[in-house]
Structures are given as C-alpha cells and as structure tokens.
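Novice: Got a sequence here, can you model it:
(one chain, ligands or ions: 1)
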Amino acid sequence: MYHLECVNCGAVYPADEILYNCKICGHLLAVKYKMEDISISRGEWNCRPLSVWRYRELLPVNIPPVTLMEGGTPLYRLTRLGKEMGLSHLYAKHEGMNPSGSFKDRGMTVGVSMALQLGKKSVACASTGNTSASLAVYAAKAGIPAVVLLPAGKVAVGKVAQALMHGANVISIRGNFDRALEMVHDLCLTHGLYLLNSINPFRLEGQKTIGFEAVDQLGEIPDRFVLPVGNAGNISAVYKGFLEWQELGFMDQIPMMTGIQAEGSSPVVRAIRENLPEVIPETNPETIATAIRIGAPVNAEKALTAIRKTGGLAISVSDEEILSMQRDLARKEGIGVEPASAASVAGIRKLVEQGAIDRDERIVCVVTGHLLKDPDTVIKQCEPPKEINADLPSLLSALHL
Ligand code: F0G
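Specialist: Residues are numbered from 1 along each chain as shown. Here you go, the predicted structure:
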C-alpha cells in the first residue's frame, strides 16, 4: 500500500524498514502511497467524526491505533482581529485543543501506533517541550517506556510537568535542541529505541491532517495556510497532505504555504529572503517562543520547497510582536495560546502592514499549542491579582466602586 522514498534522490525502501535517512544520500524519507489503490471519496470521509483517523486511508497504520481522540480541533473565525487588520476571512485552527495541548498529538497517535506496528518496545525524542509531552502521553497510553531529551532551562514548565507526570524518563542536556536531536538520534541508532522526532516519516503523516480538517471545516480551499516554523516538520507535513489531495482530485489548487519564525531563530526565513538553495544553520538561536528556538531545522529542505512551490511567504516576528499577538488573541478573541503559536497570526499582521498580502484572502493560521503550556510567560505579562481583606468595602474599593 505504501513505501518509503528519499525526498532528494528518490531511492525506495520497504514500508517496514526502520530508517530515518536515505542510505544513499542521507536525506529524509517520506511515505508514498499507491494512490491508484486509494478509493475513498471525500463524501465518505465526511460521514466520519472530524479527527486524525477520519483520514485513515491516507495514514500508514494498519493495527488498532493508540489514540486519545486527537484532532477535530476548532477552526475559529477571528472577527475582531480580522477587522482590525482589514482582513475579511481570517481563521485560527486551535491545535492547543488536542489531548496534550498541542498539534504534536496528531503525529504521536500515528508515530506511537507505528512503533507498535513495527514491533518496537521503547520510544524516544528530543524536544523543545511539546513533542516530549505528547510522546509521554502516547507512550503511557501504549504502555511502553519513553526517553525524552530537553535543552536544560529552556522548556516551558507546563511541558516539563506533562512529560514527568506521564512517566517519561526526562533528561535535560546542557545544550540546545539541535544538539539534543543529534544525541537522541545516535541513541536510537545504537540502542534500538524508536525515534519519534519529525525526521520520522510516519509521525508527520498524522500532522498533515491539520490541513485536511481545515479544508473540511471551511468548506473551501483557503488561499493561504500559515504556520509557525521551528524544525519545519509541520509545514512540510501539511503541504505533503495537500499534494496527496491534489493527486486524488480533491483539490485543484494548493494554498500558499506561509512560514513564520521568531527573529532570533529564523534560518528558513533567511533562506527564502536571500533565495539560498538551503538553510544556513544558526548556532545560537534565541526567542521567548522556546517551542521554536531551533537553529538547524531538520525538515528545512522540504519546507523551502513547500513555500517556494506554492508562492508562499516566510517572515520573522520579534518577541514583542509575538507577545502582543498572544495578548490580543487571548483578550480580543478568547483564544489562549502559547507564544510560538501566536507567531503565525503575528506574522500575518506584519505581512498585512507591509502590504504583502491581499486583504480578501481566505487565511488559516495554525495556532499550535495551548496557553497553559507556558504559564510563566503569561504571568510576566499580566498584573498580579489584587489581594484584599475579606470584606465587601475592601472589594468595592479594589473595584473602584
Ligand atoms: N509551535 C509549537 C507550539 C511547537 O511546539 C513547535 C515545535 C512548532 C510550533 C514548530 O513546529 O517544528 O514542525 O516546525 N515544537 C517541537 C517540540 C520542536 O519539540 O515540541 P515544527
């Protein structure tokens, strides 16, 4: 039904070979389905609940999946912010509403199911936080051990709390995410743990369903699809899914894939701006949006293709622009997201200000993780609660009544 294919040289490998890079050229692998064997219609899909598993014919799992009912996240119309920006069709897909509070659950339901399907007994990842939380959750559900490597002192507290509580073996390294990924990759190759970072081609299959759901919810194809970019797996995954729908005849045109990075951590944006053939890694990435504090995105090659082939854009936003949008989403739309997630909408605000996009476009921004993931950054932006004596006059005085 499917095989693995190198995204660079096209070398083909069997579906059950445990492999993260091409043996010939070292590039990443992607899952390739035999499209002629897929006979599902969108009508049939639409009879099923909105979830990752609605689209199971385009997923690699053929055992009962390890699932906590991920996906089916809300698509909100941003009426107030849209009006402020002069955009008539601005939407946010709130991936923070997944079981562990981020889009990673879409990848992990598929990735951990594949670990079992391939007979693996333990799983591992490096993470800026959300991947580790999600892996811990799905490993717990599957009943297998998980090892997670985090950059010490650079992971939001909610994510560490999740990884610990769900029982992962949590290791903090004195180094950044890029180094943690190299280390866990080596660990998996030498000790047989199943690697569930986004270099795993199966995990990204789950994430492509963000795009499918958004089109199904909108009832039409958006003009632009906007994602925060860290390791660049998610934007690549959504683009791959759209290409598959195009091949199946479900979509005639693919949205302009638009990637937003934080200023201090923006190698993909630089490669697009300077028209470089590949990204130049940044050795000391830094941003308040720790989820996307990544200097050497492993999926960059695929992300550059996605952005270039669809006529999309890439832009970076400052930490202040990110935080300002985090507050605006919370206070003007009732949508609570973590800083990295606010980057997608902050990027759109900046692109509108620069006159780079058409105000009539139908725009879907993916907001990737929940507000409660990073309470410290929230608290720092807000006035503390007023503490008063427990009597009515004190209350009225505190309320200036
Ligand atoms: N938004 C959030 C909240 C994330 O946690 C991440 C990535 C991204 C956006 C970027 O997605 O890497 O596919 O481009 N977090 C990873 C992690 C790296 O370890 O949790 P990407």
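Novice: C-alpha only now, for contacts and for neighbours.
Specialist: Will do.
Novice: Residues of the stretch 301-401 of the chain that sit close to the ligand?
Specialist: 340-341, 368-369 (CA under 6 Å from any ligand atom).
Novice: Could you rerun that using 8 Å?
Specialist: Residues of the stretch 301-401 of the chain lying near the ligand by CA under 8 Å from any ligand atom: 338-341, 367-370.
Novice: wait, which of the residues you listed is closest to P151?
Specialist: Closest approach to P151 among those (CA to CA): A340, at 16.5 Å.
Novice: which residues sit against the strand or helix carrying that closest one?
Specialist: According to DSSP states H and E, A340 maps onto helix 339-353. The list of residues contacting helix 339-353 from outside it, by CA atoms under 8 Å, 6 or more residues apart in numbering, reads 85, 226-228, 259-262, 288-292, 315-317, 321-323, 325-326, 329, 357-359, 365-369, 371.
Novice: Report the buried members of those.
Specialist: 85, 226-228, 259-262, 288-292, 315-317, 321-323, 325-326, 329, 357, 359, 365-369, 371 (16 or more other CA atoms under 10 Å).
Novice: which ones among these are found in helices?
Specialist: 85, 321-323, 325-326, 329 (DSSP state H).
Novice: Which two among those are spaced furthest apart?
Specialist: Most distant of those, by CA to CA, are M85 and L323, 17.0 Å apart.
Novice: separation between the nearest residue to D358 once chain neighbours are set aside and A346?
Specialist: Nearest residue to D358, sequence neighbours excluded (CA to CA, 6 or more residues apart in numbering): V352, at 7.8 Å. Counting by CA to CA, to the nearest Å, the gap from V352 to A346 is 10 Å.
Novice: For I63, grab the count of nearby residues.
Specialist: 10 (other CA atoms under 10 Å).
Novice: pretty sure it is touching G119, no?
Specialist: No: contact criterion CA atoms under 8 Å: I63 and G119 do not qualify, at 11.5 Å.
Novice: Could you give the average pLDDT over the helix holding A340?
Specialist: For helix 339-353, mean pLDDT is 98.
Novice: and the stretch 1-150 of the chain, which residues reach the ligand?
Specialist: 102-104, 126-133.
Novice: rerun that using 6 Å as the cut-off
Specialist: Going by CA under 6 Å from any ligand atom, the residues of the stretch 1-150 of the chain near the ligand are 127-131.
Novice: will you turn the ones in helices among the buried ones among the contacts of helix 339-353 into CSV that also has pLDDT?
Specialist: Shown next, in CSV, are those (pLDDT from 0 to 100):
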residue, pLDDT
M85, 98
E321, 98
I322, 98
L323, 98
M325, 98
Q326, 98
L329, 98
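Novice: Name the nearest of these relative to I38.
Specialist: L329 (39.7 Å).
Novice: could you measure that closest one against C382, distance?
Specialist: 14 Å.
Novice: OK, contacts around M108?
Specialist: So M108 contacts 134-135, 138, 196, 203, 206 (CA under 8 Å, 6+ apart).
Novice: which of the residues you listed tops the neighbour count?
Specialist: That'd be L135 among the contacts of M108, by other CA under 10 Å, with 33 neighbours.
Novice: Which helix or which strand is home to I63?
Specialist: With DSSP H and E as the test, I63 turns up in no helix or strand.
Novice: pLDDT below threshold where in the stretch 151-300 of the chain?
Specialist: Across the stretch 151-300 of the chain, nothing is flagged by pLDDT under 70.
Novice: for the ligand, what are the nearby residues on it?
Specialist: Checking the stretch 151-300 of the chain against the ligand by CA under 6 Å from any ligand atom, the hits are 228-234, 291-292.
Novice: Among these, which one lies nearest to V160?
Specialist: Distances from V160 to these, taken by CA to CA, are shortest for A291, at 12.2 Å.
Novice: and that closest one, what is it in contact with?
Specialist: 128-130, 155, 230, 340.
Novice: Mind doing that once more with 7 Å?
Specialist: Contacts for A291 (CA atoms under 7 Å, 6 or more residues apart in numbering) come out as 128-129, 340.
Novice: quick one: it from L227, how far?
Specialist: 13 Å.
Novice: ditto for S134
Specialist: 19 Å.
Novice: Tell me which stretches of the stretch 151-300 of the chain form strands.
Specialist: 169-173, 194-195, 224-228, 256-262 (DSSP state E, counting those that start in this stretch).
Novice: Turn those into a markdown table, including distance to L392.
Specialist: Shown next, in a markdown table, are the strands of the stretch 151-300 of the chain (distance: least, CA to CA, whole Å):
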| stretch | distance to L392 |
| --- | --- |
| strand 169-173 | 48 |
| strand 194-195 | 58 |
| strand 224-228 | 47 |
| strand 256-262 | 46 |
